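Engineer: prediction below, plus the sequence it came from.
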Amino acid sequence: MDILPIIPLQECQKARQARDARFDGRFYVAVKTTGIFCRPICPANLPSEKNVEYFFDKAQALKAGYRPCLRCRPDSAPNSWAWKGVETTFLRAAKLIEQGDLQTHSLEDLSRRLGISDRYLRYLFQRYLGMSPKQYALYHQLMFAKQLLHSSSMSVTEIVFASGFTSVRRFNDAFKQVIKLTPTQVRKQKRAVKSHHNYIDLTYKGPLDWQHMLAFYRLRAIEGLERVSDDCYQRKITINDASGFFSARLLKAGVLRVEFELSDHLQLRTLVNQLRRMFDLDSDILTIEGIFRQLNPALVKLSGIRIPGVWSTWEGGVRAILGQQVSIKAAIGQLNLLVHTLQPHKVTHFPTPQEVSRVDLSFLRMPQSRKQTLLRFANYMQEYPQSTCDQWLEIKGIGPWTVNYAKLRGASEPNCFLEGDLVVKKVLKQFPEINADSVSPWGSYATFHCWSHA
């Protein structure tokens, strides 16, 4: 099996012995004498190196016959892709499977979406992970279920269907066979917490300036769709055909508690993936800030700044178009006008491309050229819903700033340095060392740190 970890074995050994939190989620430690695999930060007594095996994916450890540790809970480790030099197609396939694509589509459907044969897709997974795509999907289903058993208030039956199983019996059999525990044994480790809604606790590592993120959202909130209080961000959502809402607040350092309602619990995995991206919970902030401090110690005015994302690239694009060459206040005013004109009685969702393309946009108080850009964008997204942000450049009225802003907040891409932004330009006069090359591949974070100095 051709596995190319980005972390050399010697570094894994040192990181494990030091319980280095910087490596949390980047590899897993399996102990041969106990049959358990852990995160490198596990507080258990350190085993001898001769009794240790290293894996760069939880699914590999499960396939090798190890069960997850109940103390450090590998299922709750921040996500981190630990492969280097592998094919882009494989990385895309793995990400889609982790997000639950094989729960609703066949392997053939996934292969067609990737533009390859299902035979070649199976070959890629055998080469890089030593297992089939369906095995990989099953292991991630089970680890997601284990995460819900530990960190949510959902009943076992709700968890069964939310993790993609069609029967409780099949779930129990698979869970016991792979995890080597029963769901009841895992649930006993958790003390019940009273809540009006279902909740799940999302973990992250490093600092998170929650108040900075809330302030950013508060200034740009859509009335009736979003609500930002002193300690909480709430939003109504739609996922495929499911509707619902979530409310996120900082429970304690390293844990974001999300209360939620969903009309279809099968969409919960998508919701969790969206929230981890939207609140940027998988970034190694300490490493990023360390690089910035080497460039100029004064750049990091506030520690824990993360990318405050929006729900989709479509939403990011709309916000960017309405924000072209105007103040934040003016842009959010037009956005609220758009949303409330399309949903005059009650706001239930962010307007779809279809809804925007059908309405006369003359009510918007902005130049006609920008209205036409928004209309062209809506028509384009109807025709090409899977298009990338970079492809939008072919739309008249959309330039690099608009695309980069959508990539920054709609896709949470880490390397979008908005050096053409007026505020960033002004701040850069204080920091001559900062430019797109020097802050790569963390340009997005440099953008937010520049904004923090405004």
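Structural biologist: Structure's in. What do you need? Numbers count the residues shown, from 1 in each chain.
Engineer: going forward, measure contacts and count neighbours with C-alpha atoms only.
Structural biologist: Noted.
Engineer: just the helices in the stretch 51-200 of the chain please.
Structural biologist: 58-63, 88-98, 101-104, 107-114, 118-128, 133-151, 156-162, 168-179, 183-187 (DSSP state H, counting those that start in this stretch).
Engineer: same check on the stretch 351-454 of the chain?
Structural biologist: So, for the stretch 351-454 of the chain - with DSSP H, counting those that start in this stretch - the helices run 353-358, 368-383, 400-410, 422-428, 436-439, 443-451.
Engineer: which among these is found nearest to Cys69?
Structural biologist: Cys69 sits nearest to helix 443-451 of all the helices of the stretch 351-454 of the chain, at 33.5 Å, using C-alpha to C-alpha.
Engineer: mind putting the helices of the stretch 51-200 of the chain in TSV, mean pLDDT included?
Structural biologist: Output for the helices of the stretch 51-200 of the chain, formatted as TSV (pLDDT from 0 to 100):
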stretch	mean pLDDT
helix 58-63	92
helix 88-98	86
helix 101-104	84
helix 107-114	92
helix 118-128	92
helix 133-151	93
helix 156-162	93
helix 168-179	94
helix 183-187	88
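Engineer: before we move on, the earlier item: which one of the helices of the stretch 351-454 of the chain lies closest to Leu124?
Structural biologist: With C-alpha to C-alpha as the measure, helix 400-410 is the member of the helices of the stretch 351-454 of the chain nearest Leu124 (28.5 Å).
Engineer: where does pLDDT dip in this protein?
Structural biologist: Judged by pLDDT under 70, the chain has its weakly predicted residues at 1-7, 79-86, 189-196.
Engineer: residue ranges of the strands in it, please?
Structural biologist: Per DSSP state E, the chain carries strands over the ranges 28-31, 36-38, 52-55, 67-68, 198-203, 226-228, 232-239, 242-252, 255-262.
Engineer: how much space separates the closest residue to Phe165 other than its chain neighbours from Leu142?
Structural biologist: Closest residue in space to Phe165, ignoring its immediate chain neighbours: Phe171 at 6.1 Å, by C-alpha to C-alpha, 6 or more residues apart in numbering. Counting by C-alpha to C-alpha, to the nearest Å, the gap from Phe171 to Leu142 is 8 Å.
Engineer: do the same with Ala436
Structural biologist: The gap separating Ala436 from Leu142 is 41 Å, by C-alpha to C-alpha.
Engineer: what about these two, which has more around it?
Structural biologist: Between Ala436 and Leu142, counting by other C-alpha atoms under 10 Å, Leu142 is the more crowded of the two (24 against 17).
Engineer: could you export the helices of the stretch 51-200 of the chain as TSV, including distance to Gly244?
Structural biologist: Putting the helices of the stretch 51-200 of the chain into TSV (distance: least, C-alpha to C-alpha, whole Å) gives the following:
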stretch	distance to Gly244
helix 58-63	30
helix 88-98	22
helix 101-104	20
helix 107-114	27
helix 118-128	34
helix 133-151	18
helix 156-162	14
helix 168-179	25
helix 183-187	26
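Engineer: mind checking those for the one nearest to Lys236?
Structural biologist: Among these, helix 156-162 sits nearest to Lys236 (C-alpha to C-alpha), with 19.3 Å.
Engineer: what comes into contact with that closest one?
Structural biologist: Under the criterion C-alpha atoms under 8 Å, 6 or more residues apart in numbering, residues 145, 148-149, 166-168, 171, 183, 265-269 lie in contact with helix 156-162.
Engineer: could you list the domains of this protein?
Structural biologist: Using automatic domain parsing, the domain ranges for the chain come out as 9-76, 88-187, 198-264, 313-451.
Engineer: out of those, which is closest to Asp282?
Structural biologist: Among the domains of the chain, domain 198-264 comes nearest to Asp282, with 6.3 Å by C-alpha to C-alpha.
Engineer: quick one: the closest one to chain centroid distance?
Structural biologist: 13 Å (C-alpha atoms, centre = their mean, to the nearest Å).
Engineer: ok, now stretch 328-348?
Structural biologist: Counting by C-alpha atoms, centre = their mean, stretch 328-348 comes out at 26 Å from the chain centroid.
Engineer: give me the buried positions along it.
Structural biologist: By neighbour count with 16 or more other C-alpha atoms under 10 Å, stretch 328-348 contains the buried residues 331-340, 342, 347-348.
Engineer: which one of the residues you listed is nearest Ser111?
Structural biologist: The closest of the buried residues of stretch 328-348, once distances to Ser111 are taken by C-alpha to C-alpha, is Thr348, at 34.4 Å.
Engineer: list the contacts of the closest one.
Structural biologist: 224-225, 236-237.
Engineer: what does it show for phi and psi?
Structural biologist: Here is the backbone geometry of Thr348 (degrees, to the nearest 10): phi -120, psi -20.
Engineer: now it: how far from Arg127?
Structural biologist: Distance from Thr348 to Arg127, counting by C-alpha to C-alpha: 45 Å.
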